[in-house]
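Participant: 3D, please:
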Amino acid sequence: MHGIMFVGFFMGGAILLIATLGLVLIGIIRAARTGGISKKDKQTHAEETRMIQDIFNGLSKMEERIEALETILIERQRKNG
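Facilitator: Residues are numbered from 1 along each chain as shown. This next block holds a predicted model:
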């Protein structure tokens, strides 16, 4: 009788172990496929990336304008000086 209970507990534990390992493996595969982030997080990340690129482009244009204004001011100072 004790042997049957031991085998039952052993089989139940083995089934739980296999189920747990299977779920862990499925989680690892999903994370590898999606890069570990959800679709919503990917969309948010892509939107933030676009915003940062727009800010960078705007700042680059502003830098060019400032340089042009500096050039104009330097030329005016030379004419007046």
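
Participant: what ranges of the protein fall below the confidence cut-off?
Facilitator: Within the chain, the stretches with pLDDT under 70 are 1, 34-36.

Participant: mind giving me the domain split of it?
Facilitator: Split into domains by automatic domain parsing, the chain comes to 1-36, 37-81.

Participant: Same list (these) but as JSON lines, adding mean neighbour count.
Facilitator: (Glycine included, C-beta is placed from N, CA and C.) Converted to JSON lines, the domains of the chain look like this (neighbours: other C-beta atoms under 10 Å):
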{"stretch": "domain 1-36", "mean neighbour count": "10"}
{"stretch": "domain 37-81", "mean neighbour count": "10"}
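
Participant: spatially speaking, which residue is in the middle of the protein?
Facilitator: The centroid of the chain falls nearest to His45 when counting by C-alpha atoms, centre = their mean (6.0 Å).

Participant: residues contacting that one?
Facilitator: Neighbour list for His45: Ile37 [criterion: C-beta atoms under 8 Å, 6 or more residues apart in numbering].

Participant: quick one: it from Arg33, how far?
Facilitator: 17 Å (C-beta to C-beta, to the nearest Å).

Participant: Kindly report the same for Arg50.
Facilitator: From Arg50 across to Arg33, the span is 24 Å (C-beta to C-beta).

Participant: Assign a three-state SS to Ile37, would you?
Facilitator: Under the three-state scheme (DSSP: H, G, I helix; E, B strand; the rest coil), Ile37 adopts coil.

Participant: Now it: closest residue in space that isn't a chain neighbour?
Facilitator: Here the nearest residue to Ile37 in space, its sequence neighbours aside, is His45; by C-beta to C-beta, 6 or more residues apart in numbering that works out to 7.3 Å.
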